[in-house]
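Engineer: Give me the fold of what follows.
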Amino acid sequence: MKSIEITMKKVYRWLLILTIIFLTNLSAQVASVTWPLTSNQNPNTPTGNIQATQETIGAGSGTYLLSTVPSQNNPYGSYGQRLWTGNQGTGWIVGLPDYTRYIQFDTSPTSGNNFAVQNVSFQYSDFPSPNSNDYSVLKAEVWYAIDNNWSSSVQLNTALNTAPLNYSNTSTQTFSKSINVQVQNGHTFSVRIYPYAQSTPYSMIPAYATHRNVIIEGTTSAVVVNNGSICGMKFNDLNGNSRKDEGEPGLQGWTINLTMGAVQMTATTGADGSYCFNNLAAGTYILSETKQGDWEQTYPTNPETHTVILPAGQSVLNVDFGNKWILGSICGMKFNDLNGDGDKDEGEPGLQGWTINL
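Structural biologist: Take a look at the predicted model:
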């Protein structure tokens, strides 16, 4: 009996493990896309709930424009796509990366899904070339961003304090980095490779930046609609005391901003000054106003933003913003023009008790 009891416990344990695995697979699906770059710039059909677009080539500026090599030089093959900056004798210009010269790969979750990017990889070389020596001419930096927001991009190959990529002519190398980037429904994940020359290529020996099998992979999950909301009011703080008092009206037509990571939304205040952000997922949001001239923000201050922690499916109210009209002044003097010449001369006194109308 005891052995049967132990066996049943093991069975229950395995059933529990299998149930957890099954439920995990229901909520997260493997997703991957590959740009082979052996015949054209197109990606293969993605696996999972993601979509991808054709590779983009940023040509750069000036004389040295990035492109695939001419057709007679076999721009595509089993080794991958070959890039150069044209045959101007010296070839690649020596210097730091030109951030307008790159190849870019874009993928995004299909409608109704989020995409957790977990790995980026590709193969690279200076291959094939007429010479089988490694001259260490070409380098590259690799960056990623969400929604082409390159001002806040992250450099993959230096984020872990490793050296820039070194293109070899005697072997094909593999770049692979594990990351954890959450791409929300409606957003795009982009990878850029910036090839550049660290030293002058040898005369009559072309240097090609060759790439193949660019892969972006991770998992997707269905968007969970929590129907949470954040609402408030924009009011005219007439007395400037940083709170909404009775009789202080709302302000119409002001823009309220909401952000949480890559999520960015705006709302415009109504006739009564009210606004609402609806269908929000649980999370921590930052709310701010877009300032208008001649108005001073009186609430909130230091900082001039609200941080709102929104529980799943809940509504947070009274996230208000107050502003006061900046008042100016007009001043002058009433004087006794003793000689009637229309100017205030020295010694002409002021006149007390007169009423001035504005």
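Engineer: which SS class is Ser242?
Structural biologist: State at Ser242, reduced to three classes by DSSP: H, G, I helix; E, B strand; the rest coil: coil.
Engineer: now it: how far from Gln297?
Structural biologist: Going from Ser242 to Gln297 by CB to CB, to the nearest Å gives 10 Å. From N, CA and C alone the C-beta is placed, and that goes for glycine too.
Engineer: which one of the two has more residues nearby?
Structural biologist: Higher neighbour count among Ser242 and Gln297: Gln297, with 17 against 13, using other CB atoms under 10 Å.
Engineer: which residues touch Leu165?
Structural biologist: If you count contacts by CB atoms under 8 Å, 6 or more residues apart in numbering, Leu165 has them with 124, 139-142, 157, 173, 175.
Engineer: least confident pick among those residues?
Structural biologist: Least confident by pLDDT among the contacts of Leu165: that is Asn157, with 80.
Engineer: phi, psi of that one?
Structural biologist: The phi/psi pair for Asn157 (degrees, to the nearest 10) reads phi -80, psi -10.
Engineer: Spatially, which residue comes closest to it, not counting chain neighbours?
Structural biologist: Val142 (4.7 Å; CB to CB, 6 or more residues apart in numbering).
Engineer: partners of the helix or strand hosting that neighbour, with directions?
Structural biologist: In the assignment (DSSP states H and E), Val142 maps to strand 138-146. Paired neighbours of strand 138-146 in the sheet (DSSP bridges): strand 154-155 (antiparallel), strand 165-166 (antiparallel), strand 189-197 (antiparallel).
Engineer: among the ones you listed, which is nearest Glu55?
Structural biologist: With CB to CB as the criterion, Glu55 lies closest to strand 189-197 of the strands paired with strand 138-146, at 10.0 Å.
Engineer: what's the burial count for the closest residue to Asp245 other than its chain neighbours?
Structural biologist: Nearest residue to Asp245, sequence neighbours excluded (CB to CB, 6+ apart): Asn239, at 6.7 Å. Neighbour count of Asn239, defined by other CB under 10 Å: 10.
Engineer: Kindly format the C-alpha coordinates of the strand holding Val142 as CSV.
Structural biologist: Taking C-alpha atoms only, strand 138-146 is exported to CSV below (Å, rounded to 0.1, in the frame of the first residue of the first chain):
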residue,chain,number,x,y,z
LEU,A,138,36.1,46.2,-41.5
LYS,A,139,34.3,46.5,-38.2
ALA,A,140,30.7,46.9,-37.2
GLU,A,141,28.4,48.1,-34.4
VAL,A,142,25.0,46.5,-33.8
TRP,A,143,22.1,48.4,-32.3
TYR,A,144,18.4,47.8,-31.6
ALA,A,145,15.5,50.2,-31.0
ILE,A,146,11.7,50.1,-30.7
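Engineer: shift numbering so it begins at 55
Structural biologist: OK, 55 is where the count begins now, so the last one is strand 192-200.
Engineer: contact partners of it?
Structural biologist: Counting by CB under 8 Å, 6+ apart, 146, 151, 171, 174, 178, 180, 204, 206-212, 218-221, 229, 231, 233, 235, 237, 241-252, 261, 263, 316 sit against strand 192-200.
Engineer: low-scoring stretches of this protein, by residue?
Structural biologist: Residue ranges of the chain with pLDDT under 70: 55-81, 141-145, 182-189, 213-216, 254-260, 279-280.
Engineer: rerun that using 50 as the cut-off
Structural biologist: 56, 70-79 (pLDDT under 50).
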